[in-house]
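K.L.:
Structure of the sequence below:
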Amino acid sequence: MTHTVDLVADLGEGFGAYTMGDDEALLDVLTSANIACGFHAGDPRIMDATVRHCVRGGVAVGAHPSFPDLVGFGRRAMDLSPDEVRTDVLYQIGALQAFAAAHGTRVQHVAPHGRLGNLVAVRPDYAAAVADAVASLDRSLIVLAQDGELADAARARGLRVGIVGIADRAYRDDGTLVPRSEPGAVLHDEQEIAERTVRMVTEGVIRSVGGRDIPVRCDTVLLHGDTPGAIALARRIREELLAADIKITALTDVLDGRDG
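P.N.:
So this is what the prediction gives:
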């Protein structure tokens, strides 16, 4: 069978005069983008420019909402109520929708960032809050998530779900990511990461820190652009996928092929 996969990365994660990563170089590799919506990174000028670059490059636009944690880059836990999570997510998607409309496109998907993204995988109340926000706004939006509570909540509301595989992050035996605060959470060996990516797409498994092959369905591979050597790694992953006869295509095509 022919395997297909989308390639996505987090873009627009600068703020004011500060930049993070080489977004324009990544755009040559991607088919989708998670764009920061101002709560952990991004500002109106950056959001505008990032959407414009995505449109020019034929890259699908997605919202990357987070906790309101600009100082901590959205990576700190915050004691928000589920309704605060719901309204914060609505606010951020709506902001990106404005820029998407201004550039003649639309928001394709929603992918929670950082600590919020980790918690919605295991907290039913936060997962429900995000799924409710998406469902109330636009049921054509795709929810990007790891297997877990958010994916289940989105499916229960009739939303399409794209499962994210993260090849350069270590997985625990239960399928959750090793926290960044722990040693070995982020992998750096290009060959290892490329091999893990191909296995995720073709075999649906990834090797955990406990040495087990755990199931990881992968509709889209998350690439990173904010670490040393990230652009070279992203290109290496794309090359290895193509060499394994894997078709890199739009997320909607991947999901249509899976659901059809």
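
K.L.:
Where do the helices of the stretch 151-260 of the chain begin and end?
P.N.:
Ranges of helices in the stretch 151-260 of the chain, per DSSP state H, counting those that start in this stretch, are 190-203, 230-243, 251-259.

K.L.:
can you redo those helices as a markdown table with distance to residue 179, mean pLDDT and mean neighbour count?
P.N.:
Yep, even glycine has a C-beta here, placed from its N, CA and C like the rest. As requested, the helices of the stretch 151-260 of the chain are exported to a markdown table (distance: least, C-beta to C-beta, whole Å; pLDDT from 0 to 100; neighbours: other C-beta atoms under 10 Å):
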| stretch | distance to residue 179 | mean pLDDT | mean neighbour count |
| --- | --- | --- | --- |
| helix 190-203 | 19 | 93 | 18 |
| helix 230-243 | 20 | 93 | 17 |
| helix 251-259 | 27 | 91 | 16 |
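
K.L.:
can you pull out the strands in the stretch 1-150 of the chain?
P.N.:
For the stretch 1-150 of the chain, applying DSSP state E, counting those that start in this stretch gives strands covering 4-11, 32-36, 60-64, 107-110, 142-145.

K.L.:
okay if I get those as TSV plus mean pLDDT, distance to residue 240 and mean neighbour count?
P.N.:
Formatted as TSV, the strands of the stretch 1-150 of the chain follow (pLDDT from 0 to 100; distance: least, C-beta to C-beta, whole Å; neighbours: other C-beta atoms under 10 Å):
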stretch	mean pLDDT	distance to residue 240	mean neighbour count
strand 4-11	96	12	25
strand 32-36	97	19	27
strand 60-64	98	22	26
strand 107-110	98	24	25
strand 142-145	98	22	26
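
K.L.:
Residue 205: which of these is closest?
P.N.:
strand 4-11 (14.7 Å; C-beta to C-beta).

K.L.:
wait, doesn't residue 223 sit right on residue 29?
P.N.:
Yes: when contacts are counted by C-beta atoms under 8 Å, residue 223 is listed as touching residue 29 (6.8 Å).

K.L.:
Can you pick out the residue with more neighbours from these two?
P.N.:
residue 223 (24 against 21; other C-beta atoms under 10 Å).

K.L.:
quick one on the thing from earlier: among the helices of the stretch 151-260 of the chain, which is nearest residue 86?
P.N.:
Nearest of the helices of the stretch 151-260 of the chain (C-beta to C-beta): helix 251-259, 23.9 Å.

K.L.:
packing partners for that closest one?
P.N.:
Secondary-structure packing of helix 251-259 (3 or more C-beta pairs under 8 Å, 6 or more residues apart in numbering; DSSP states H and E): strand 4-11, strand 107-110, strand 142-145, strand 161-165.

K.L.:
Show me how far it is from its chain's centre.
P.N.:
On the basis of C-alpha atoms, centre = their mean, to the nearest Å, helix 251-259 sits 16 Å off its chain's mean C-alpha point.

K.L.:
Show the model's pLDDT score for residue 1.
P.N.:
In this prediction, residue 1 carries a pLDDT score of 69.
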